[in-house]
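below are the sequence and a predicted model for it; my questions follow.
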Amino acid sequence: MSKPKCWQDVPPATIAWGASALDVETGLWRSMRPVLDENKCISCLKCWLQCPDSSIKTNEEGRVCGINMFFCKGCGVCAQVCPVNAISMHQEADFTGEKREHGEDPGKVADHVK
Amino acid sequence: MTSGNLAFAEAMRQVNPDVVAAYPITPSTEIPVKFAEFVANGQVDSEYVAVESEHSAITACVGASVSGARVMTASSANGVALMHEIFPIAAAFRAPIVFGLVNRSLGAPVNIHCDHSDSMPERDSGWIQIYCEDAQEVYDSVLLAVRLAEHDDVLTPVFVCQDGFITSHCYEPVELLSDESVKKFVGERNAKYPLLDVDNPVSYGSFTMSEYYFEIKRTQIEGMNNVPRIYKELTKELAEYTGREYPALDAYRAEDAEYLIVIMSSATGVVKDVVDEMRERGVKAGCLRVRFFRPFPAEDLKKLADGKKGVAVLDRSASIGGTAPLAAEVKSALYGLSERVPLQEYLFGLGGRDLYPRDAEKVFSRLMENDYSDTARYIGLLEKDEENGGN
């Protein structure tokens, strides 16, 4: 479904499709970015446990393997709780050249209930 | 013989809603109390949620309603005010809750008696508002409200309002339908997008900024705009069981009248009596009772007031610093008339002060004498100088 072009096409009752949070790029308003030093990381999972946006990525063995920049809001909790200083915070402006994924698409709202 | 509160509770028992969450408050207390008794006695299958505040009561109602349940509750006065935050959310979620609002004046000062200062602040919350004249109308309106709220073209919560103590506690003859008839009339709720349908998951109340908020409000307006059409069908359908039909605007000897009083709820009875007396004396008096305040029956009112020699609007709540709610609606509705109808605003009955026949008679007399004031007059107010304002 494309973006609603008129009020008649807007889904009823403020409804959005299930698990819609997965499609919303909360990383859009990040001003500080966490950077993981995998050489220092001991995979204690404290950051994974504390991250309010579930943005700490883990691999099949359950070890920390990166940070999801689509969701990360840059709150810095991970850097604070890391016992070995494996995560450092940097100005988002330093990464401006990077390609970003497209964010929220209201057109997807309630696709299946229409 | 039953009261407005007990008639409401009895209708609830017959409707057998899935969920009732309530926090009792005078004068609507009897509704949840009586209903809790039905639950305890196993006379209904409802889940009764006892909560710690009115805010929680209406919040639980919204949650249950979007889950697909048929939900009812009741409250009054400051209880209603505490729920205020949640009312627009219920309306936007298109949660078809049926709400027994027993009108009581808002504190301060603390006063348990009737006026409409509790429901009127909710007139812009997106809910339908029905105001009943007597207990029979309360009972019938609950049944109508269930169907109206849940109709796919409406999906809007409903306040069924009655006057605190005057209607809620006075016993009068009320004709009840059989349980089977009620069951047949209200049927089962068939929710379109229930939160509990795990095969078709949905989220309610997602974040929406300026890109679609306006459009969502427009969809609510559409639901409200559909009410008169759907309601007309429903009141006809219920009349097949009861023989009683209720128009959105109740006209009493109004069509050929020269002078009209516009009023709401229980005080209408007094005005109707006075209309009869005036008619016997050869005065063409009439009365319009506004039953639906939301959606407001502006077109009907415009038609019925057109060409009258004088109209008086009696409000039972003030809008301090502005025009009282009913008067504002009536004036707005009459704006489109090619010839202006003279109109006098009155405030009456705040905090439960009675309206007497002599009051209504004086209102008519002053209309006949062409005696108008630019500002609202007060009925039954203790005045320093009788001539300075007063009725």
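Now that the structure is in, tell me what you want to look at. Numbering: from 1, shown residues only, chains lettered A, B, ... in the order given.

just the buried positions in stretch B:340-351, please.
Buried residues in stretch B:340-351, defined by neighbour count with 16 or more other Cβ atoms under 10 Å in any protein chain shown: B:341, B:343-350. (C-beta placed from N, C-alpha, C; glycine too.)

ok, stretch B:305-317 next?
For stretch B:305-317, the neighbour count (16+ other Cβ under 10 Å) marks B:305, B:308, B:310-317 as buried.

chain A next: which of the buried residues of stretch B:340-351 are close?
Residues of these in contact with chain A (Cβ under 8 Å from any Cβ of the partner chain): none.

burial measure for B:Asn5, as a count.
28 (other Cβ atoms under 10 Å in any protein chain shown).

so who does the closest residue to it other than its chain neighbours touch?
Nearest residue to B:Asn5 in three dimensions, chain neighbours excluded: B:Glu30, at 3.9 Å (Cβ to Cβ, 6 or more residues apart in numbering or on different chains). Going by Cβ atoms under 8 Å, 6 or more residues apart in numbering or on different chains, B:Glu30 touches B:3, B:5-6, B:9, B:168-169.

and what of B:Glu245?
Contacts of B:Glu245 (Cβ under 8 Å, 6+ apart): B:235-236, B:238-239.

let's see it at 10 Å
B:140, B:232, B:235-239 (Cβ atoms under 10 Å, 6 or more residues apart in numbering or on different chains).

tell me, how many residues neighbour the residue in chain A that chain B sits nearest to?
As assessed by Cβ to the nearest Cβ, chain B sits closest to A:Gly18 within chain A, at 2.4 Å. Using other Cβ under 10 Å, the number of residues around A:Gly18 comes to 18.

how about residue 85, nearest residue that isn't a chain neighbour?
Going with chain A. Nearest-residue entry for A:Asn85: A:Lys40, 6.6 Å, with adjacent residues in sequence omitted and distances by Cβ to Cβ, 6+ apart.

not quite, go with chain B.
B:His55 (6.9 Å).

helix, strand, or coil at the residue sitting nearest the centre point of chain A?
In chain A, the residue lying closest to the centroid (Cα atoms, centre = their mean) is A:Phe71, at 0.7 Å. Secondary structure for A:Phe71, judged by DSSP: H, G, I helix; E, B strand; the rest coil, is coil.

close enough to count as contact, it and A:Leu22?
Yes. Between A:Phe71 and A:Leu22 a contact is recorded at 8.9 Å, counting by Cβ atoms under 10 Å.

returning to what we had before: so which of the contacts of B:Glu30 wins on neighbours?
Within the contacts of B:Glu30, most neighbours by other Cβ under 10 Å means B:Ser168, with 30 neighbours.

which pLDDT does the model give it?
On pLDDT, B:Ser168 comes in at 98.

list the residues that contact it.
Counting by Cβ under 10 Å, 6+ apart, B:Ser168 has contacts B:3-8, B:26-31, B:74, B:76, B:100, B:102-104, B:114, B:135, B:138, B:162, B:266.

sec struct for it, please.
Secondary structure, three-state DSSP: B:Ser168 is coil.

how about it, phi and psi?
Here is the backbone geometry of B:Ser168 (degrees, to the nearest 10): phi -70, psi -30.

each with direction, which strands does the least confident helix or strand in chain A by mean pLDDT pair with?
Ranking every helix and strand in chain A by mean pLDDT, DSSP states H and E puts strand A:16-17 at the bottom, with a mean of 78. Sheet pairing of strand A:16-17 (DSSP bridges) gives strand B:202-203 (antiparallel).

check which element follows the strand it pairs with along the chain.
Using DSSP states H and E, the helix or strand that follows strand B:202-203 in sequence is helix B:213-225.

chain center to that next one: distance?
21 Å (Cα atoms, centre = their mean, to the nearest Å).

mind listing what's buried along stretch B:186-205?
Using 16+ other Cβ under 10 Å as the test for burial, stretch B:186-205 gives B:186, B:189, B:191, B:193-195, B:201-204.

could you dump those residues to CSV with distance to B:Leu249 and pLDDT?
Listed next are these as CSV, based on distance: Cβ to Cβ, whole Å; pLDDT from 0 to 100:
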residue, distance to B:Leu249, pLDDT
B:Val186, 25, 98
B:Arg189, 29, 97
B:Ala191, 31, 95
B:Tyr193, 34, 90
B:Pro194, 35, 94
B:Leu195, 37, 92
B:Pro201, 43, 88
B:Val202, 38, 88
B:Ser203, 40, 88
B:Tyr204, 34, 91
